[in-house]
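Visitor: Build me a model:
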Amino acid sequence: MIIDCHSHISPPPELKIYQNWLIETGGREGAGDPGINDDDIRAAMNAQGEGGNPGPYSHLEGLKRAGIDVQFLSPRPNQMKHSHKPREVVQYFARACNDLIYRHTHLWPSKFIGIAGLPQMAGEPVDQAVQELERCVTELNFKGCMFNPDPFENSGTSSPPLWDRYWYPLYEKLSELDVPCHIHGMGPKSDREAYNHYYVDEVSTAVLAFVGSDVLDDFPKLKIVASHGGGSIPYQIGRYIAGARKHQKRELKPKFQRIYYDTVLHDAAAVEFLIKVMGADNVLFGTEWPGLGSVIDPETGRVMDDLAPAIKAIDGLSKEDQAKVLYRNAEKIFNLD
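Guide: Numbering: from 1, shown residues only. Below is the predicted model:
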């Protein structure tokens, strides 16, 4: 069994057309209808290079080749535009994405599980995000959500730090529903840092905010998944722990172990290092297929997303720990049947 905890939809082109319509109308004409039928969804999932992520195989063919049995689907982060105004554009588009994911889970009920995209409208209260999370979990049977720590998307205005009370209603609802939030940046507005580096920066900053504050103490049931291997965390963890011991007289290691880290690193050695440092109990298999790593690695002949064989080949990693990383941790954390 292999469960892929980190992936995004390969949407039909009608979804982008719908978003453009929302932007042009500014939401003044209401939510409208994306006009996507089941045949459009099937065609996109069976087409090579759909959803702006060209790769050697279609979404469904890639899963088959990689032996992935179940995949969590969330919206494509760079399409969410959380900093866009007016806020209705963000709100209506997030709902449309979640409804589209829900339809995927019905067309392929044994293959896909929904992960909600939240309407985290920059500068607005998190009320709408809380309501959409509850709708997705209680009505659509989604098992978690993506969480953007920077709704302003590096546009020059700073988002509230993650220990700010601004975020607490969302943490309360996540704890109440007993579903994880998956930390994931949504795309930068600034060119100051490389596009892919932004995602690494955001997840690193978020993890440090959680472990360096009282959030995990205030919400002992809060479950957090850090995308892209936790960014800098595994590599720099000694520095972070040493700094807290020296300056704050605090011990951070147990808090780092309160967080889970996915394997979306596109490199076998990096994944092995992640498991060694953070422990098999805290690592979840993820690919982001189809995404950045959907390119053939000339050394292996497989796409760089396909890391399950490398995990199974790690020296000293027991069969039990392999199973934890590949599917058991996901079953436990996301409350899968």
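Visitor: Spit out the contact partners of the nearest residue to Val325 once chain neighbours are set aside.
Guide: Distances taken as C-beta to C-beta, 6 or more residues apart in numbering put Val283 closest to Val325, at 5.0 Å, once the chain neighbours are dropped. No exception for glycine: its C-beta is placed from N, CA and C like everyone else's. Residues near Val283 by C-beta atoms under 8 Å, 6 or more residues apart in numbering: 260-263, 274-275, 324-325, 329.
Visitor: Distance of Val283 relative to Val89?
Guide: With the distance defined as C-beta to C-beta, to the nearest Å, Val283 ends up 36 Å from Val89.
Visitor: which secondary structure elements does the helix or strand harbouring Ile237 contact?
Guide: Here Ile237 is covered by helix 233-243, with elements defined by DSSP states H and E. Counting contacts by 3 or more C-beta pairs under 8 Å, 6 or more residues apart in numbering; DSSP states H and E, helix 233-243 packs against helix 195-211, helix 253-256, helix 268-278.
Visitor: what's downstream of the longest one, the next helix or strand?
Guide: Spelled out, that is helix 195-211. helix 215-218.
Visitor: Now that we have the contacts of Val283, which of them are buried?
Guide: 260-263, 274-275, 324-325, 329 (16 or more other C-beta atoms under 10 Å).
Visitor: Turn those into TSV, columns for pLDDT, distance to Asp337 and secondary structure.
Guide: Below are those laid out as TSV (pLDDT from 0 to 100; distance: C-beta to C-beta, whole Å; DSSP: H, G, I helix; E, B strand; the rest coil):
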residue	pLDDT	distance to Asp337	secondary structure
Tyr260	98	20	strand
Tyr261	98	24	strand
Asp262	98	21	strand
Thr263	97	23	coil
Leu274	98	28	helix
Ile275	98	26	helix
Lys324	98	18	helix
Val325	98	20	helix
Asn329	98	16	helix
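Visitor: Output these as CSV; include the columns distance to Leu292.
Guide: Below are the buried ones among the contacts of Val283 laid out as CSV (distance: C-beta to C-beta, whole Å):
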residue, distance to Leu292
Tyr260, 21
Tyr261, 17
Asp262, 14
Thr263, 14
Leu274, 17
Ile275, 21
Lys324, 25
Val325, 21
Asn329, 23
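Visitor: Just give me the closest of those to His8.
Guide: Distance ranking of those against His8, using C-beta to C-beta, places Asp262 first at 12.9 Å.
Visitor: pretty sure the closest one contacts His228?
Guide: Yes: between Asp262 and His228 there is a contact at 7.1 Å, judged by C-beta atoms under 8 Å.
Visitor: Can you pull the phi and psi angles for Ile183?
Guide: Reported as degrees, to the nearest 10, the phi and psi values for Ile183 are phi -60, psi 130.
Visitor: Please name the residues that touch it.
Guide: Here Ile183 is in contact with 147, 149, 202-203, 206-207, 224-227 (criterion: C-beta under 8 Å, 6+ apart).
Visitor: picking up where we left off before, which stretch among the helices and strands packed on helix 233-243 comes nearest Asp4?
Guide: Of all the helices and strands packed on helix 233-243, helix 268-278 sits nearest to Asp4, with 13.6 Å by C-beta to C-beta.
Visitor: and the direction of that closest one versus that of helix 233-243, what angle?
Guide: With axes from the mean of the first three to the mean of the last three C-alpha atoms, to 10 degrees as the basis, helix 268-278 and helix 233-243 are set at 30 degrees to each other.
Visitor: Using CSV, write down the CA coordinates of helix 268-278.
Guide: In CSV, the C-alpha atoms belonging to helix 268-278 read as follows (Å, rounded to 0.1, in the frame of the first residue of the first chain):
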residue,chain,number,x,y,z
ALA,A,268,16.5,10.0,-2.7
ALA,A,269,19.4,11.1,-0.5
ALA,A,270,17.3,14.0,0.9
VAL,A,271,14.4,11.7,1.8
GLU,A,272,16.8,9.3,3.5
PHE,A,273,18.2,12.2,5.5
LEU,A,274,14.7,13.4,6.4
ILE,A,275,13.7,10.0,7.8
LYS,A,276,17.0,9.7,9.7
VAL,A,277,16.7,13.1,11.4
MET,A,278,13.0,13.4,12.0
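Visitor: circling back to that earlier point, reformat the helices and strands packed on helix 233-243 as CSV; add distance to Ala129.
Guide: Formatted as CSV, these follow (distance: least, C-beta to C-beta, whole Å):
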stretch, distance to Ala129
helix 195-211, 16
helix 253-256, 24
helix 268-278, 28
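Visitor: Going by mean pLDDT, which of those helices comes out lowest?
Guide: Lowest mean pLDDT within the helices and strands packed on helix 233-243: helix 195-211, at a mean of 92.
Visitor: Next, the angle from that helix to helix 233-243.
Guide: Going by the same axes, to 10 degrees, helix 195-211 makes 40 degrees with helix 233-243.
Visitor: returning to that earlier point: which of the helices and strands packed on helix 233-243 sits closest to Pro56?
Guide: Among those, helix 268-278 comes nearest to Pro56, with 18.8 Å by C-beta to C-beta.
Visitor: list the helices and strands the closest one packs on?
Guide: In terms of contacts (3+ C-beta pairs under 8 Å, 6+ apart), helix 268-278 is packed against helix 233-243, helix 308-312.
Visitor: pLDDT at Gly49, what is it?
Guide: Note on Gly49: pLDDT of 65.
Visitor: same check, this time on Gly187
Guide: Note on Gly187: pLDDT of 80.
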